[in-house]
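Asks: Have a look at this fold, sequence not included:
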């Protein structure tokens, strides 16, 4: 599935129905080559704007999971400063400890609640504009602190029938997902693939 074919699919009223999906679990994976990162970023914004036109009136939300993690750390306190400031101050001397600490935050209930609250605020603010999609990107930049498979295993309880979650994944699939085409992820059994990487 090309990015143009994805846009066509997102415009389909049947696909927009949040009650449709594998076992009524509305989460999807769009895989792409990491070398297309800049193109995907640009096209994703264009898709959002296209869906918002009067012919659709869909107010899609784009979330960058890495940026949200940084925001969360900057909003959290530790040792008399923000967690972000603390981690950046000691990262050079203690990189493994910082990676472990940030990873704990990335899968914490507080961070999951942060993501969920941002989605719900967007849905509530959309008013008469139907919110069919939440686009989640930034998994490449979030590595090694956050892996999409583990994140989804923690976040799936927050995915309800008010939106479909589309994950933009810079990698490939061959029995399992591989971030950047090389780093193996656990299998996401409940997420539906929207692209065959062999034909990308």
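Replies: Sure, I can see it. Keep in mind the model is a prediction, meaning the values are calculated, not measured.
Asks: For the strand or helix carrying residue 116, list every residue counted as buried.
Replies: Secondary structure from DSSP states H and E places residue 116 in helix 109-126. Buried residues in helix 109-126, counted by 16 or more other CB atoms under 10 Å: 111-112, 114-115, 119, 122-123. C-betas here are computed from N, CA, C, even on glycine.
Asks: which one of those residues sits closest to residue 100?
Replies: Nearest to residue 100 among these, counting by CB to CB, is residue 111 at 15.0 Å.
Asks: what helices or strands is the helix holding residue 116 leaning on?
Replies: strand 61-64, helix 65-74, helix 148-155 (3 or more CB pairs under 8 Å, 6 or more residues apart in numbering; DSSP states H and E).
Asks: The last one: how far from the chain's middle?
Replies: For helix 148-155, the distance between its averaged C-alpha position and the chain's averaged C-alpha position is 10 Å (CA atoms, centre = their mean, to the nearest Å).
Asks: going on from that helix, what's the next piece of helix or strand?
Replies: By DSSP H and E, the next helix or strand past helix 148-155 is strand 164-174.
Asks: Could you list the paired strands of that following strand along with their orientation?
Replies: Strand pairing for strand 164-174, using DSSP bridges, gives strand 27-32 (parallel), strand 133-137 (parallel), strand 176-179 (antiparallel).
Asks: so which of these gets nearest residue 91?
Replies: It's strand 176-179; of the strands paired with strand 164-174, that one is closest to residue 91 (CB to CB) at 21.4 Å.
Asks: I'd like the mean pLDDT over the closest one, please.
Replies: Averaged over strand 176-179, pLDDT sits at 74.
Asks: all numbers from here: first residue = 649
Replies: All right, first residue 649 from here; so that's strand 824-827.
Asks: quick one: buried residues of that strand?
Replies: 825-827.
Asks: where in this protein is pLDDT low?
Replies: For the chain, the stretches with pLDDT under 70 are 666-672, 704, 775-777, 779, 821, 823, 831, 833-839, 841, 843-848.
Asks: these two touch, right, residue 807 and residue 673?
Replies: Yes. Counting by CB atoms under 8 Å, residue 807 sits close enough to residue 673 to count as a contact (6.9 Å).
Asks: Looking at those two, which is more packed in?
Replies: residue 807 (21 against 16; other CB atoms under 10 Å).
Asks: Tell me how far that one lies from residue 815.
Replies: From residue 807 across to residue 815, the span is 11 Å (CB to CB, to the nearest Å).
Asks: shared neighbours of the two, which are they?
Replies: residue 675 (CB atoms under 8 Å, 6 or more residues apart in numbering).
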